[in-house]
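[1] Could you look at this predicted model? Sequence included:
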Amino acid sequence: MNTSHIPWVLDVDPTKPGDLGVLRGHIARNNPQCKAILESLTSASFSSSSSSSSSPSESDLNVLESEVLVIFTATHHYVTPKFYVETKPTTGKVVPTWNYSAVQVYGKVRVYHLSSDPATGEFLQKQVHDLSQLCEKGIMGYTGEDGRQSSWKVTDAPDKYVEIQKKGIVGLEITVDAFEGKVKMSQELRKGDRDGVVEGFRKLDTDVGRAVAKTVEERSEMKEAQKGQQV
C-alpha cells in the first residue's frame, strides 16, 4: 500500500446536475506509488490481451481497474479535558480527544504516462498551468490587481525546460464516484463544554487554534439550530 501527498484541481460541470466532478493531479514518475500504478497498468494490459480475443483500446489500458481513494484533511488538533468547563468540575468524567475534519473521495483514475502520446502532453500542460494559477492567485494572492504582484506562469519558464520537467511526472485524472465526509468538532458535547472548547482554543492564540475555535463554534451553532427546529 502506498500513499502520496498530492495537490489537486477539481473540475465540476455546472450544466450537469449532480455531477461530482473530476480531480486532476500529477505525481513524480520516480515516486514509488507511481511505479506501483504503472506496474498495475502493465499487468492489467497483459492479462486483458491474454484472456480476450478483442484488444482493448489504448484509452482503456490507461485506466486502473481498482477504485482509488483520495483523502483531504482540514483543521485538526488535540483537545484537552481542561476545556470541558461544564462536565469536568462536576463529575470529572472526561478524557482527551482529537478534533478533525476530513473528506474521502472515491473514483476511477485515468493515468497519463506515455510521453509520446499527445494526450499526455496536453493533459500535463493544462494541469501544471491550472494548478499553478490556482495556487499563485488563490493562495499567494498574486492576482496582478489592486497593486498586487502578477502570478508566475508556466510560460515564464523556457519551453524546453518545461518539456523536460513534464517527462518526470505522470498525470492522474479521477472521475469521482462518491464523497464521504466526517467532521468531529466537539458537536457531541454539552453546550457548556462546547463553549469551553471554543474559548480554550482561542486562548491558544495560534492560527490553528483560531481555526479550530471557529469550526467548533460553527458546528455548535448548527447543533443548537437543529435542536430549535425539533422543539
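    Structure received.
[2] Quick check: buried residues in whichever helix in the chain runs longest?
    For the chain, the longest helix by residue count, based on DSSP state H, is helix 207-230. Across helix 207-230, burial judged by 16 or more other C-beta atoms under 10 Å covers 209, 211-213, 215-217, 219-220, 223. For glycine as for every other residue, the C-beta is placed from the backbone atoms N, C-alpha and C.
[3] contacting residues around that helix?
    For helix 207-230, contacts defined as C-beta atoms under 8 Å, 6 or more residues apart in numbering pick out 75-77, 99, 101, 183, 185-187, 191, 194-195, 197-199, 201-204.
[4] let's see it at 7 Å
    75, 77, 99, 101, 183, 185-187, 194, 197-198, 201-202 (C-beta atoms under 7 Å, 6 or more residues apart in numbering).
[5] just stretch 36-43 next, same as before
    2, 61-62, 64, 111, 113.
[6] Need those in a markdown table (columns: neighbour count and secondary structure).
    Converted to a markdown table, those look like this (neighbours: other C-beta atoms under 10 Å; DSSP: H, G, I helix; E, B strand; the rest coil):
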| residue | neighbour count | secondary structure |
| --- | --- | --- |
| 2 | 10 | coil |
| 61 | 16 | helix |
| 62 | 21 | helix |
| 64 | 16 | coil |
| 111 | 21 | strand |
| 113 | 18 | coil |
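[7] Return the closest of the residues you listed with respect to residue 162.
    Among the contacts of stretch 36-43, residue 113 lies closest to residue 162 (C-beta to C-beta), at 17.6 Å.
[8] Just give the nearest non-adjacent residue to that closest one, would you?
    residue 170 (4.6 Å; C-beta to C-beta, 6 or more residues apart in numbering).
[9] burial count for the residue lying closest to residue 67 once chain neighbours are set aside?
    Of all residues not flanking residue 67 in the chain, residue 106 sits nearest, at 5.6 Å (C-beta to C-beta, 6+ apart). For residue 106, the neighbour count with other C-beta atoms under 10 Å is 15.
[10] Quick check: residue 106 touching residue 66?
    No. With contact defined as C-beta atoms under 7 Å, residue 106 does not count as touching residue 66 (10.8 Å).
[11] who's in contact with residue 186?
    79, 99, 194, 197, 216.
[12] What ranges in this protein fall below the confidence cut-off?
    44-59, 231 (pLDDT under 70).
[13] can you list the residues that contact stretch 63-76?
    23, 37, 40-41, 44, 98-111, 174, 208, 211-212, 215.
[14] Out of these, name the ones that lie in strands.
    Among the contacts of stretch 63-76, the ones falling in strands (DSSP state E) are 23, 98-111, 174.
[15] returning to that earlier point: residues in a beta bridge with the residue nearest to residue 67, which ones?
    residue 69, residue 178 (DSSP bridges).
[16] Name all residues that make contact with it.
    67, 69, 177-178.
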